[in-house]
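> with the input below, show me the fold.
(one chain, ligands or ions: 1)
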Amino acid sequence: MDVLQAIKARRSVRRFLRKEISKEILDTFVDAIIWAPSAGNLQSREFYFVFNQQIKERLVDAAWGQDFIAQAPLCIVGCADLRIKNHYGSRGSELYTIQDVSASIQNLLLEAQEQGLASVWVGAFEEAEVSEILNLPKYLRPIAIVPIGYAAESPLPPKRVKKEDAVIIVK
Ligand SMILES: Cc1cc2nc3c(=O)[nH]c(=O)nc-3n(C[C@H](O)[C@H](O)[C@H](O)COP(=O)(O)O)c2cc1C
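Presented below is the predicted three-dimensional model:
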């Protein structure tokens, strides 16, 4: 698929079929994640692939009842690795690592699209609860939960800002 076509066709989907994801497709997700750019190529990020139903249901509670999280066969939790601070100080831990994780997640959403699956980036959750549920080490901060599966809905594209409102040309 053409990249811009995939970017425009991707939608946040919040209803999923009960259909498993093959090992081959899961491998493409791992590639999409690790080949994203990162600050200093330090790759200050880790991803938890959650298949366990009980854990997904606990993630629903941590995300204030967003129940589609437990409907998806897979939930990927993207975490910032705060040890980047040793290299880049607070700019590293407060900014670069968030960007590292986000670059991987965007790659992941597009790869899911390419593979005929759907996803949604979930940012509204209680961080401390997610850390406890996944027993995260202190140096990992959960940034996003991404439920992925086969779509059971086809949402219309939400509006975007006008091009001239998004981009300022500096000549
Ligand atoms: C940082 C971030 C946090 C988000 N958090 C949530 C969330 O907690 N729950 C949810 O349903 N969607 C969430 N979304 C998805 C947005 O609502 C969605 O991307 C937006 O409405 C545009 O729709 P589209 O993705 O279909 O283009 C989040 C997206 C981003 C980038």
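> OK, contacts around P147?
By C-beta atoms under 8 Å, 6 or more residues apart in numbering, P147 lies in contact with 16, 68-69, 71-72, 74-75, 119-120, 122. For the C-beta atoms, the positions are set from N, CA and C on the backbone; glycine is no exception.
> those residues also near the ligand: which ones?
120, 122 (C-beta under 6 Å from any ligand atom).
> output the contacts of P147 as a markdown table; include the columns pLDDT and neighbour count.
Shown next, in a markdown table, are the contacts of P147 (pLDDT from 0 to 100; neighbours: other C-beta atoms under 10 Å):
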| residue | pLDDT | neighbour count |
| --- | --- | --- |
| F16 | 98 | 24 |
| F68 | 98 | 20 |
| I69 | 98 | 25 |
| Q71 | 97 | 17 |
| A72 | 98 | 28 |
| L74 | 98 | 21 |
| C75 | 98 | 26 |
| S119 | 98 | 28 |
| V120 | 98 | 20 |
| V122 | 98 | 19 |
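> how about the contacts of P147 in JSON lines, adding secondary structure and distance to G149?
Shown next, in JSON lines, are these (DSSP: H, G, I helix; E, B strand; the rest coil; distance: C-beta to C-beta, whole Å):
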{"residue": "F16", "secondary structure": "strand", "distance to G149": "3"}
{"residue": "F68", "secondary structure": "helix", "distance to G149": "9"}
{"residue": "I69", "secondary structure": "helix", "distance to G149": "11"}
{"residue": "Q71", "secondary structure": "helix", "distance to G149": "7"}
{"residue": "A72", "secondary structure": "coil", "distance to G149": "4"}
{"residue": "L74", "secondary structure": "strand", "distance to G149": "7"}
{"residue": "C75", "secondary structure": "strand", "distance to G149": "9"}
{"residue": "S119", "secondary structure": "strand", "distance to G149": "8"}
{"residue": "V120", "secondary structure": "coil", "distance to G149": "10"}
{"residue": "V122", "secondary structure": "strand", "distance to G149": "13"}
